[in-house]
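> sequence below, structure please.
(chains A and B)
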Amino acid sequence: LAKTTQPISMDSYEGQEVNITCSHNNIATNDYITWYQQFPSQGPRFIIQGYKTKVTNEVASLFIPADRKSSTLSLPRVSLSDTAVYYCLVGAGNTGFQKLVFGTGTRLLVSP
Amino acid sequence: DTEVTQTPKHLVMGMTNKKSLKCEQHMGHRAMYWYKQKAKKPPELMFVYSYEKLSINESVPSRFSPECPNSSLLNLHLHALQPEDSALYLCASSQGTHGGTRPAGQYFGPGTRLTVT
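Numbering: from 1, shown residues only, chains lettered A, B, ... in the order given. Have a look, this model is predicted:
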């Protein structure tokens, strides 16, 4: 399983765009990049997943360069409710399940 | 229904007690997971069930005993726990892969906050 490195914490203000970068130098060919969000005392929530280039959904965008050794989660115009821990995970599924190994994550604090 | 439910929300137990945590999903997912999460730490995988069979046991002490009675239910039986086992216990479920090696996202429940006294 590829190890990931993220900043421990980030601060932002409401309305700003936040970019959280994840480094995964030993990503394997079959690996996908998945981001989860976790609020205090709740289970993590799937945000977005990608393999290469750019993926966008109603919540976030995920940018993956050609070498796939890093990725960037972009949250447009954050609000106070985006204060949470964001986890970057790298891995592949097999036919029945996926083993998730969470890193330390990035603690995002959004202030008014 | 895209929800994973867990009961109870909170549990306080003594070191000699026997208790069980319950998890349920009705999304037709065939993989179910138990995680343990200590305060300000990431979730740690404990067990994985795939098609009701135990696929992964991450060297969890035998005082934790998982059970998957059917494809919708997952239990975690607790016996003779230690105070250091106090944590948030999370259940999750997922489909298998979408095809190839693309992993399916996992849906997590709200967790059971366990305190061992």
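> partner strands of the lowest-mean-pLDDT helix or strand in chain B and their direction?
Within chain B, no helix or strand scores below strand B:53-57, which has a mean of 89 by mean pLDDT, DSSP states H and E. In the sheet, strand B:53-57 lines up against strand B:44-50 (antiparallel) (DSSP bridges).
> tell me, how many residues neighbour whatever residue of chain B ends up closest to chain A?
Closest approach between chain B and chain A, counting by CB to the nearest CB: residue B:108, at 2.7 Å. Where C-beta positions appear, they are placed from N, C-alpha and C, glycine not excepted. Residue B:108 has 23 neighbours, counted by other CB atoms under 10 Å in any protein chain shown.
> can you give me how far the helix or strand harbouring residue B:91 is from the chain middle?
In this structure, residue B:91 sits in strand B:87-94 according to DSSP states H and E. Chain-centre distance of strand B:87-94: 4 Å, with CA atoms, centre = their mean, to the nearest Å.
> what packs against it?
Applying 3 or more CB pairs under 8 Å, 6 or more residues apart in numbering or on different chains; DSSP states H and E, one finds that strand B:87-94 makes contact with strand B:4-7, strand B:18-25, strand B:31-37, strand B:73-79, strand B:107-108, strand B:112-116.
> not counting its neighbours along the chain, what's nearest the closest residue to chain B within chain A?
Distances between chain A and chain B by CB to the nearest CB are smallest at residue A:43, namely 2.7 Å. Nearest non-adjacent residue to residue A:43, counting by CB to CB, 6 or more residues apart in numbering or on different chains: residue B:108, 2.7 Å away.
> tell me the contacts of the one you found?
With contact taken as CB atoms under 8 Å, 6 or more residues apart in numbering or on different chains, residue B:108 is in contact with A:42-45, B:4, B:35, B:90-92.
> are any of those residues buried, and if so which?
Buried members of the contacts of residue B:108, scored by 16 or more other CB atoms under 10 Å in any protein chain shown, are A:43-45, B:4, B:35, B:90-92.
> surely residue B:14 touches residue B:114?
No - using CB atoms under 8 Å, residue B:14 is not in contact with residue B:114, being 12.0 Å away.
> between those two, which is the more surrounded one?
Counted by other CB under 10 Å, residue B:14 and residue B:114 do not tie: residue B:114 has more neighbours, with 21 against 10.
> identify the residues contacting that one.
Contacts of residue B:114 by CB under 8 Å, 6+ apart are B:11-13, B:21, B:78, B:81, B:85-89.
> tell me the pLDDT of residue 2.
Chain wasn't specified; assuming chain A. pLDDT recorded at residue A:2 is 67.
> nope, chain B
66.
> do a quick rundown of the strands in chain A.
Taking DSSP state E, the strands of chain A run over residues A:9-13, A:18-23, A:32-38, A:45-50, A:53-56, A:61-64, A:70-75, A:84-91, A:106-111.
> in a markdown table: those, plus mean pLDDT and distance to residue A:97.
Formatted as a markdown table, these follow (pLDDT from 0 to 100; distance: least, CB to CB, whole Å):
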| stretch | mean pLDDT | distance to residue A:97 |
| --- | --- | --- |
| strand A:9-13 | 97 | 31 |
| strand A:18-23 | 96 | 23 |
| strand A:32-38 | 94 | 14 |
| strand A:45-50 | 94 | 15 |
| strand A:53-56 | 94 | 22 |
| strand A:61-64 | 97 | 23 |
| strand A:70-75 | 97 | 23 |
| strand A:84-91 | 93 | 11 |
| strand A:106-111 | 97 | 26 |
